[in-house]
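> coords below, sequence missing:
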Ligand code: HEM
């Protein structure tokens, strides 16, 4: 060791020893206040007992912090406990029950009613009518594909831990969940765009009207063979699907955005204020963490609600009804299918066609 | 599910994937850097 290095080491050591002896502020090794004079009244926290102190923290007491993130002033947020119990308990079990019930109901419906056939059979001349143009079909499938991926990856977040590790092993479950979470976050954008496009394209044909009441009163003809209550381009059942998709989709999107950008979008306190006008008593002052918990709960509830509705939609659009799938496959439906399920719409189209033909000058 | 009949299905699905990839790139590139995240003015800290 050179003389220079040795001198430097001695200097450092002397500072340490000096600081230790005098209790200088440079290295704060002062005894805690409660220990001064050898007295320790009621534990280190002074006169309050430890148990009470920790109980207060456990119940979510807030302190003060000088860092920008004021959330840090609360060490234990007890609402999180209740939230988690609800999410893993009642919410998860009700969700599973609802999904099982819809599948069972559809199964029983299929057993009783069978596939809803075109009563008059397909048009003998093979005449078809364009039901959805390319943009409409594209929008339907962009929304549908993204919804299906979002459903599967979302269900994995809520239920995956219960059975996936047993099925595919912990490592594979971890990988699936990581990729699933990324897919969920990013495909959500396609779904949001799809919902907006669907709204723009189809809202004009989904305004409720008097024919819808008659359609609903007759159960849409779903329960009796050969009965076809008249409907325009969309019947009341489809309008209900449309508005569920739009309203549910908008609600899923906003709560999803709140989760995608945590603590930046807070909407529940404001929403509760509005809802309370109708006599409810929801909390109107919420911490950022509570906001996030409500967003997560709501996102799950609406998501499962939409999955239940869409399961029924997929059934009736594919297995459940002859000829329906053509509308979103190549866009052209059988003329007899259209007459039976959307008679008023076909009349409108025919009238337009004759009016168009009449206004054409004869050659 | 092949051929002309299902073209719109494939177009829609591919568009969803393309949008997701773009969203993924945009979101990861606009994520806060560690410097920003741990700066004393960050409310996420
Ligand atoms: C494999 C999945 C799906 C199939 C087979 C399917 C099938 C269909 C069919 C056949 C139609 C046309 C009905 C008609 O011509 O009158 C339709 C329309 C529609 N679909 Fe889908 N669909 C699926 C998924 C979805 C999803 C995931 C959504 C939304 C999240 C959705 C939303 C709609 C809406 C709003 C309409 C128009 C209103 C209606 O007909 O109910 N579909 N779908």
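That came through fine. All values reported here derive from a predicted model rather than from experimental measurement.
> Quick check: closest non-adjacent residue to the residue in chain B positioned nearest to chain A.
Nearest residue of chain B to chain A (CB to the nearest CB) works out as residue B:12 at 2.9 Å. For the C-beta atoms, the positions are set from N, CA and C on the backbone; glycine is no exception. Nearest residue to residue B:12 in three dimensions, chain neighbours excluded: residue A:141, at 2.9 Å (CB to CB, 6 or more residues apart in numbering or on different chains).
> One more: residue A:59?
Nearest residue to residue A:59 in three dimensions, chain neighbours excluded: residue A:78, at 5.9 Å (CB to CB, 6+ apart).
> Assess the claim that that neighbour and residue A:62 are in contact.
No. Look at residue A:78 against residue A:62 with CB atoms under 8 Å: they stay out of range, at 11.8 Å.
> The residue nearest to residue B:12 is in contact with residue B:17, isn't it?
No. Using CB under 8 Å, residue A:141 is not in contact with residue B:17, being 11.9 Å away.
> ok so, going back, got the contact list for the residue nearest to residue B:12?
Residue A:141 makes contact with A:328, B:8-13 under the criterion CB atoms under 8 Å, 6 or more residues apart in numbering or on different chains.
> Helix or strand: which one has it?
Residue A:141 belongs to helix A:134-168 when assigned by DSSP states H and E.
> Next, see if that helix gets close to the ligand.
Yes. Judged by CB under 6 Å from any ligand atom, helix A:134-168 and the ligand are in contact via A:140, A:143-144, A:147.
> And the pLDDT at the residue of chain A at minimum distance from chain B?
Per CB to the nearest CB, residue A:141 is where chain A lies closest to chain B, at 2.9 Å. We have a pLDDT of 98 for residue A:141.
> Could you pull out the strands in chain A for me?
Taking DSSP state E, the strands of chain A run over residues A:128-130, A:332-334.
> Quick one: list the elements packing against the last one.
Using 3 or more CB pairs under 8 Å, 6 or more residues apart in numbering or on different chains; DSSP states H and E as the contact criterion, the secondary-structure elements in contact with strand A:332-334 are strand A:128-130, helix A:326-329.
> picking that back up, now the buried members of the contacts of residue A:141.
A:328, B:8-9, B:12-13 (16 or more other CB atoms under 10 Å in any protein chain shown).
> all helices in chain B, in order from the N-terminus.
Under the criterion DSSP state H, helices of chain B are mapped to B:7-30, B:34-37.
> Oh, that last question was meant for chain A, not what I typed.
Under DSSP H, chain A gives helices at A:3-22, A:50-58, A:79-86, A:92-113, A:134-168, A:170-202, A:210-217, A:236-260, A:268-276, A:288-317, A:326-329, A:335-341, A:343-359.
> rank the ones you listed by mean pLDDT and give me the bottom one.
Lowest mean pLDDT of the helices of chain A: helix A:3-22, a mean of 50.
> if we can go back for a sec, for the helix holding residue A:141, the distance to its chain's centre please.
Chain-centre distance of helix A:134-168: 11 Å, with CA atoms, centre = their mean, to the nearest Å.
> what's the closest of the helices of chain A to residue B:30?
Comparing the helices of chain A against residue B:30 with CB to CB, the closest turns out to be helix A:236-260 (11.8 Å).
> Name the surrounding residues that touch the closest one.
So helix A:236-260 is in contact with A:143, A:185, A:188, A:191-192, A:195, A:198-199, A:202-203, A:206, A:208, A:211-213, A:215-216, A:220, A:222, A:234, A:264-267, A:291-292, A:295-296, A:298-299, A:302-303, A:305-306, A:309-310, A:313, A:316, going by CB under 8 Å, 6+ apart.
> Please indicate which of those are buried?
By 16+ other CB under 10 Å, the contacts of helix A:236-260 give A:143, A:185, A:188, A:191-192, A:195, A:198-199, A:202, A:206, A:211-212, A:215, A:220, A:234, A:266-267, A:291-292, A:295-296, A:298-299, A:302-303, A:305-306, A:309-310, A:313, A:316 as buried.
> and residue A:45, what pLDDT?
54.
> quick one on the thing from earlier: and the residue nearest to residue A:59, what is it in contact with?
Counted by CB under 8 Å, 6+ apart, residue A:78 has contacts A:58-60.
> In chain B, which residue sits nearest the ligand?
Of all residues in chain B, the one sitting closest to the ligand is residue B:9 (8.9 Å; CB to the nearest ligand atom).
> Quick check: chain neighbours aside, which residue is closest to that residue?
residue A:141 (4.6 Å).
> Residue A:61 too?
residue A:74 (7.6 Å).
> Run through the bridge partners of the one you found.
residue A:62 (DSSP bridges).
> Show me the shaky parts of chain B.
Across chain B, the ranges flagged by pLDDT under 70 are B:1-3, B:31-34, B:36-45.
> For it, which residues are neighbours of the ligand?
Counting by CB under 6 Å from any ligand atom, no position of chain B is adjacent to the ligand.
> ok, now chain A?
So chain A meets the ligand at A:131, A:140, A:143-144, A:147, A:198, A:234, A:238, A:241-242, A:245, A:310, A:313-314, A:317-318, A:324-325, A:327-328 (CB under 6 Å from any ligand atom).
> so what's the nearest residue to residue A:145 once chain neighbours are set aside up against?
Spatially, and ignoring its direct neighbours in sequence, residue A:145 is nearest to residue B:13 (4.1 Å; CB to CB, 6+ apart). Counting by CB under 8 Å, 6+ apart, residue B:13 touches A:141-142, A:145.
> Quick one: neighbours of residue B:35, just the number.
When neighbours are defined as other CB atoms under 10 Å in any protein chain shown, residue B:35 has 8 of them.
> Same check on residue A:86?
Residue A:86 has 14 neighbours, counted by other CB under 10 Å.
> Skipping its backbone neighbours, what lies nearest it in space?
residue A:297 (6.9 Å).
> nearest residue to residue A:199 other than its sequence neighbours?
Nearest one to residue A:199, counting by CB to CB, 6+ apart, is residue A:246 at 5.3 Å.
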